[in-house]
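Colleague: I would like the atomic coordinates for the input below:
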Amino acid sequence: DPAMRLVCKLCNNSGWGKLCEVPHHTKNEYIKAEDFHALATDPRIEMLSAQIVDLFDGEETMRVRHRPKQETIRANRYSAVHHSVLVTAYARVLLYEIVEKVGTGAGYMDTDSVMFEM
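Modeller: Numbers count the residues shown, from 1 in each chain. I've put the predicted structure just below:
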């Protein structure tokens, strides 16, 4: 059943993505200029850049880039990077085995599929 296969693949990929999730991504946000002071003085945040981008309905909008300070980062309780690294490495080995069987006929390969000429 193609629909069930698609749903299972999406759930599987989402699950593995959650295991690899890094809790300290840099964030880009659009905020009102009046909210900037609270964000800039937050002791848990490292401000990377701030820029006024637009005047919308009489209010200034700012684009700010920030990330959590290193000492405030807590590990995500769902992440298990060691599992995700092992699974993806094993999948890569299997993918290489398939590519060796196909040989020079491999036209395209992705993390979970190989397209080849027959």
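Colleague: Please report how far the residue nearest the centre of the chain lies from N76.
Modeller: Nearest to the geometric centre of the chain sits E21, at 6.9 Å (Cα atoms, centre = their mean). Distance of E21 to N76, given as Cβ to Cβ, to the nearest Å: 6 Å. C-beta here means a position set from N, CA and C on the backbone, and glycine is covered the same way.
Colleague: again with N28
Modeller: For N28 relative to N76 (Cβ to Cβ), the value is 20 Å.
Colleague: Compare the two and say which is more crowded by neighbours.
Modeller: The neighbour count for N28 versus N76, taken as other Cβ atoms under 10 Å, is higher for N76 (15 against 11).
Colleague: Make sure that one is indeed in a helix.
Modeller: No. Looking at N76 with DSSP: H, G, I helix; E, B strand; the rest coil, it is coil, so not inside a helix.
Colleague: per-residue pLDDT, it?
Modeller: pLDDT, N76: 71.
Colleague: before we move on, what about A3?
Modeller: 91.
Colleague: That one - how many residues pack around it?
Modeller: Counted by other Cβ under 10 Å, the residues lying close to A3 total 7.
Colleague: And for L6?
Modeller: Counted with other Cβ under 10 Å, residues neighbouring L6 total 10.
Colleague: what's the answer for V64, then?
Modeller: When counting by other Cβ under 10 Å, one arrives at 20 neighbours for V64.
Colleague: that's a strand at it, yeah?
Modeller: Yes. Under three-state DSSP, V64 sits within a strand.
Colleague: Tell me what Y30 is bridged to.
Modeller: R63 (DSSP bridges).
Colleague: CA atoms only: put the longest strand anywhere in the chain into PDB for me.
Modeller: Using DSSP state E, we find that the single longest strand of the chain is strand 45-56. Taking Å, rounded to 0.1, in the frame of the first residue of the first chain, the C-alpha atoms of strand 45-56 are listed here in PDB:
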ATOM      1  CA  ILE A  45      20.600  34.600  25.400                       C
ATOM      2  CA  GLU A  46      23.600  35.600  23.300                       C
ATOM      3  CA  MET A  47      22.500  38.200  20.800                       C
ATOM      4  CA  LEU A  48      24.300  37.800  17.400                       C
ATOM      5  CA  SER A  49      22.700  40.500  15.300                       C
ATOM      6  CA  ALA A  50      19.800  42.900  15.200                       C
ATOM      7  CA  GLN A  51      18.500  45.000  12.300                       C
ATOM      8  CA  ILE A  52      15.400  47.100  11.700                       C
ATOM      9  CA  VAL A  53      13.800  45.600   8.600                       C
ATOM     10  CA  ASP A  54      10.400  47.300   8.100                       C
ATOM     11  CA  LEU A  55       7.900  49.800   9.400                       C
ATOM     12  CA  PHE A  56       4.600  48.000   9.400                       C
END
